[in-house]
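Undergrad: here is my input; please provide its structure:
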Amino acid sequence: MAIGVDIEDIERFKGKSDDFLKRVFTPLELEYCLKFSKPESHLAARFCAKEAVVKALTALDIDGVSYNEIEVFHNEKHCPKIRILKSLEKNILFQLSLSHDRTKAIAFVTAEEQ
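TA: A predicted model of the protein is given here:
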């Protein structure tokens, strides 16, 4: 099992260019985040999740997964989940926790080979 964690200032995600958003986030993530009056909180949390996933995958000796190939979505119980949009050599089960307050967003990820 491997873990990853990341924390970011939400302010960094205000007014980001469309090019940046499309390079980092999937269409599903953008649709979800941009429907809120303060999308930067949700964008920051998802960015943290992507960074935490990369850290966990690196600990499992898996490289070459870009941010826009990591997707945060919600399952039927509205729990945040991770989906990798490219084929990996190993089957990985992820667990994800997201949180944000007025100024910071954080994500914690575990990754376990199946």
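
Undergrad: give the contact list for P80.
TA: Residues counted as contacts of P80 (CB atoms under 8 Å, 6 or more residues apart in numbering) are 49, 72-74, 96-98. Every residue, glycine included, has its C-beta placed from N, CA and C.

Undergrad: ok, now how distant is the residue lying closest to V24 once chain neighbours are set aside from F20?
TA: Computed as CB to CB, 6 or more residues apart in numbering, the closest residue to V24 that is not its neighbour in sequence is Y67, at 4.6 Å. Taking CB to CB, to the nearest Å as the measure, Y67 falls 10 Å from F20.

Undergrad: so between those two, which is more surrounded?
TA: Y67 (17 against 12; other CB atoms under 10 Å).

Undergrad: if I look at the more buried one, how far off is H78?
TA: From Y67 to H78 the distance is 23 Å (CB to CB).

Undergrad: can you show me the strands along the protein?
TA: In the chain, the strands defined using DSSP state E lie at 2-9, 70-74, 80-84, 92-100, 104-113.

Undergrad: nearest to L30, out of the ones you listed?
TA: Of all the strands of the chain, the one in closest proximity to L30, counting by CB to CB, is strand 70-74 (10.8 Å).

Undergrad: now do the closest one: everything it contacts.
TA: With CB under 8 Å, 6+ apart, strand 70-74 has contacts from 26, 28-29, 32, 45-46, 49-50, 53-54, 80-85, 96, 98.

Undergrad: let's go with 7 Å and repeat that
TA: Applying CB atoms under 7 Å, 6 or more residues apart in numbering, the contact partners of strand 70-74 are 26, 28-29, 46, 49-50, 53, 80-85.

Undergrad: the longest helix in this structure is where?
TA: In the chain, assigned by DSSP state H, the helix with the most residues is helix 39-59.

Undergrad: so which elements touch it?
TA: strand 2-9, helix 27-33, strand 70-74, strand 92-100, strand 104-113 (3 or more CB pairs under 7 Å, 6 or more residues apart in numbering; DSSP states H and E).

Undergrad: strand partners of the shortest one, parallel vs antiparallel please.
TA: It refers to strand 70-74. Applying DSSP bridges, strand 70-74 is found paired with strand 80-84 (antiparallel).
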